[in-house]
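> Any chance you could fold what I've pasted below:
(2 chains)
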Amino acid sequence: MRVRFAPSPTGYLHIGGVRTALFNWLFARHYGGQFILRLEDTDEKRFVQGAADDIAASMRWVGIDWDEGPDIGGPHAPYVQSERKELGIYQRYADQLLASGHAYKCFVTPEQDEAMRAAWAASGARPERYRFRGPERDWTPAQTAEAEASGQPFTIRLRVPMDGATSFSDLVRGGDQITINNGDLYDLVLLKTSGMPTYHLAHLVDDHLMGVTHVIRGEEWVPSAPYHIMLYNALGWELPVFAHVPNILRQDGKGKLSKRKDDVSTNRFWERGYLPEAMFNYLALQGWSFDDKTEIMSRDEIVERFTIERVQASPARWNPDKLKDMNGIYIRSLPAADVADLLMPYMMKAGMVADPPRPEDYSYLTRLTPLVHERLEELQQAPEMLSFFFQDVEGYEPKLLIQKQMDAGRTIDMLRAAHATLNTVQVWETGELEGQLRALAESLGVKVGQLFGSIRVAVTGRSVAPPLFDTLAALGRERSLARIAAAAAALE
RNA sequence: GCCCCCAUAGUCUAGCGGCCUAGGACGUCACCCUUUCAAGGUGAAGAUCGCGGGUUCGAAUCCCGCUGGGGGUACCA
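The predicted structure is shown next:
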């Protein structure tokens, strides 16, 4: 079994695209087939420099590799359509279709096409739809030859039957047939004036030549599938199995995910600190499921369990909360040392750690990581959560410092008492600090929450922070005492 | 407009004729744990299985219609 993912290098790869690539990849890996990456750069106008590399990087990041592709070659190289066009591959089949009468040369210019469309729409005939049929369909060979001799540019169009219907079955829909009336179709352009094939001709020729057995693609291709069926038949080729997977809809359900309107670039998630394993797991679940309970699965487990038959036909909605939750689960499942390594780039970027980091930066971050490890949902949250370890607290909020049922005076006294106690602590470590401060709270006759709360704000500048005694231990005696003193002074 | 696809809680889903008084997860809320926040634990609210007809002894599951949503309607993919 051979499948492919064939992106168009017109921009970055968004998660919907990755999901389609993933389903293809899972299919290939599950059945021990091959997964091909092919670049469909037949759109000369929308081509974006660097997009191809970006797309490949996004795929590699989530853990999708390919057996044949532009960068690694393969038995059917090249894997870039613009290069294949130079080899005359598409022209050859266009000529074959011309010879067999399945296609014809059309001299209608885009402008004329537009005018015809407008005229059609203006006619009282109330057309349901503008269905282009070139006048050249009925031309004699002599007429065509004459037009061509005059040097007029032309496209090669598929001669679509005026009546009848075209059906094909779809694996995602349980093998049910989808039928479309030929009368709703039009004479599709196969080869553009420039000599570049359209997607329709190019992908099909390549799929056949590359031995693709299963076409797994987004459902936006369903309406054009009949053209593809006609083309396979016209060329005398065996049909592949079709599986049109549902799109991922925008969060509000209004339309499919779009690069322009949604912040869904795969790279963005990479930047924000999503683990590729989490993204892989989440995306696999967008339209596919294993059973009624299992959600967290390793790559291997998903590969083992994935089948197209279990892919849903209805579209899923983009749910960042769910992804975030899953990312937290994956982060927590990692050893703290690994998390520390993953966090370092974020600390550097936030300017909290020297670039490049010094040995002591590594050891300090390793020391701090356990304090935030299980609180992280995105790695990028770490610098903010740990910022007070790297910069002093400025401007204490009396409101935060003064706990429930306390006032400024009592808080000052309490902080000074804490300062005195901590000043004499022999062993500056978590357990000892906790023991001493608990005893202090008792002797002061305040609730531990009141004491700890004030100290937390004094030391971190905020009411929500990592566990207090771990924080004090990691912050060190000197800085801890200085901040407590500063907080008390701020309340004067 | 026309064509195609889809339809279980706010969201992702399990279900493929009786096991469903519809299961799991995210989100929401409550409680427990607890120095805050998380994590973890327990529990709750939330779906007349979009609506209406059939078929059947029996339907979330099959059929039809309607409605709603999505996709397509390019010399873009």
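
> Is the helix or strand bottoming out on mean pLDDT in chain A positioned near RNA strand B?
Lowest on mean pLDDT, DSSP states H and E among the helices and strands of chain A sits helix A:110-122, with a mean of 84. Yes - residues of helix A:110-122 contacting RNA strand B under CB under 7 Å from any atom of the strand: A:110, A:113. Bear in mind the C-beta positions are built from the backbone N, C-alpha and C, glycine included.

> List the buried residues of that helix.
A:113, A:116 (16 or more other CB atoms under 10 Å).

> And stretch A:145-164, by the same measure?
Buried residues in stretch A:145-164, defined by neighbour count with 16+ other CB under 10 Å: A:147, A:154, A:155, A:156, A:157, A:158, A:159, A:160.

> Among those residues, which ones lie close to RNA strand B?
Applying CB under 7 Å from any atom of the strand to those, one finds that residue A:155 fall near RNA strand B.

> what's the most distant pair in the buried residues of stretch A:145-164?
Largest separation among the buried residues of stretch A:145-164 by CB to CB: A:147 and A:160, giving 20.9 Å.

> Which stretches in chain A count as strands?
In chain A, the segments counted as strands under DSSP state E are A:2-5, A:34-37, A:103-106, A:155-158, A:165-170, A:176-181, A:189-191, A:214-218, A:241-245, A:248-249, A:316-317.

> ok, and what's touching the second one?
By CB atoms under 8 Å, 6 or more residues apart in numbering, the list of residues contacting strand A:34-37 from outside reads A:1-6, A:24-25, A:28-29, A:56, A:59, A:64-70, A:74, A:76, A:79, A:210, A:212.

> Can I get that strand as PDB, trimmed to CA atoms?
The C-alpha trace of strand A:34-37 is given here as PDB (Å, rounded to 0.1, in the frame of the first residue of the first chain):
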ATOM      1  CA  GLN A  34       5.100   3.500   2.000                       C
ATOM      2  CA  PHE A  35       4.400   7.200   2.700                       C
ATOM      3  CA  ILE A  36       5.400   9.600   0.000                       C
ATOM      4  CA  LEU A  37       5.900  13.400   0.300                       C
END
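
> Report the rounded mean pLDDT for it.
Averaged over strand A:34-37, pLDDT sits at 98.

> Check the offset of it from the chain's centre.
Chain-centre distance of strand A:34-37: 19 Å, with CA atoms, centre = their mean, to the nearest Å.

> how about that strand, does it reach RNA strand B?
No - against RNA strand B, strand A:34-37 shows no contacts by CB under 7 Å from any atom of the strand, the least distance being 12.9 Å.

> and the residue nearest to residue A:450 when sequence neighbours are not counted, how many neighbours does it have?
Distance criterion CB to CB, 6 or more residues apart in numbering; nearest residue to residue A:450, sequence neighbours excluded, is residue A:403 at 4.2 Å. Residue neighbour count, defined by other CB atoms under 10 Å, stands at 21 for residue A:403.

> Residue A:403 against residue A:449, yeah?
Yes - with contact defined as CB atoms under 8 Å, residue A:403 reaches residue A:449; the gap is 7.0 Å.

> shared neighbours of those two, which are they?
Applying CB under 8 Å, 6+ apart, one finds that no residue jointly contacts residue A:403 and residue A:449.

> For residue A:3, see how far away residue A:196 is.
Remark: distance between residue A:196 and residue A:3 (CB to CB, to the nearest Å) = 25 Å.

> more neighbours, these two?
Shown here are residue A:196 and residue A:3; by other CB under 10 Å, residue A:3 has more neighbours (26 against 17).

> how far away is that one from RNA strand B?
Distance of residue A:3 to RNA strand B, computed by CB to the nearest atom of the strand, to the nearest Å: 16 Å.

> what number of residues lie near the nearest residue to that residue once chain neighbours are set aside?
Of all residues not flanking residue A:3 in the chain, residue A:24 sits nearest, at 4.5 Å (CB to CB, 6+ apart). Counted with other CB under 10 Å, residues neighbouring residue A:24 total 27.

> Check residue A:99 too.
Neighbours of residue A:99 under the rule other CB under 10 Å: 9.

> and what of the one 3 residues further on?
For residue A:102, the tally of surrounding residues (other CB under 10 Å) stands at 17.

> Residues of the stretch 101-250 of chain A that sit close to RNA strand B?
Going by CB under 7 Å from any atom of the strand, the residues of the stretch 101-250 of chain A near RNA strand B are A:108-110, A:113, A:128-130, A:132, A:153, A:155, A:173-174, A:176, A:178-181, A:184, A:186, A:189, A:192-194, A:196, A:198-200, A:203, A:219-224, A:246-247, A:249.

> Weed out the non-buried ones from those.
Buried members of these, scored by 16+ other CB under 10 Å, are A:108, A:113, A:132, A:155, A:173, A:178, A:180, A:186, A:189, A:192, A:196, A:198, A:200, A:203, A:219, A:221-222, A:246-247, A:249.

> low pLDDT regions in the stretch 101-250 of chain A?
The model of the stretch 101-250 of chain A has pLDDT under 70 over residues A:124-128.

> how far away is residue A:49 from RNA strand B?
According to CB to the nearest atom of the strand, residue A:49 and RNA strand B sit 16 Å apart.
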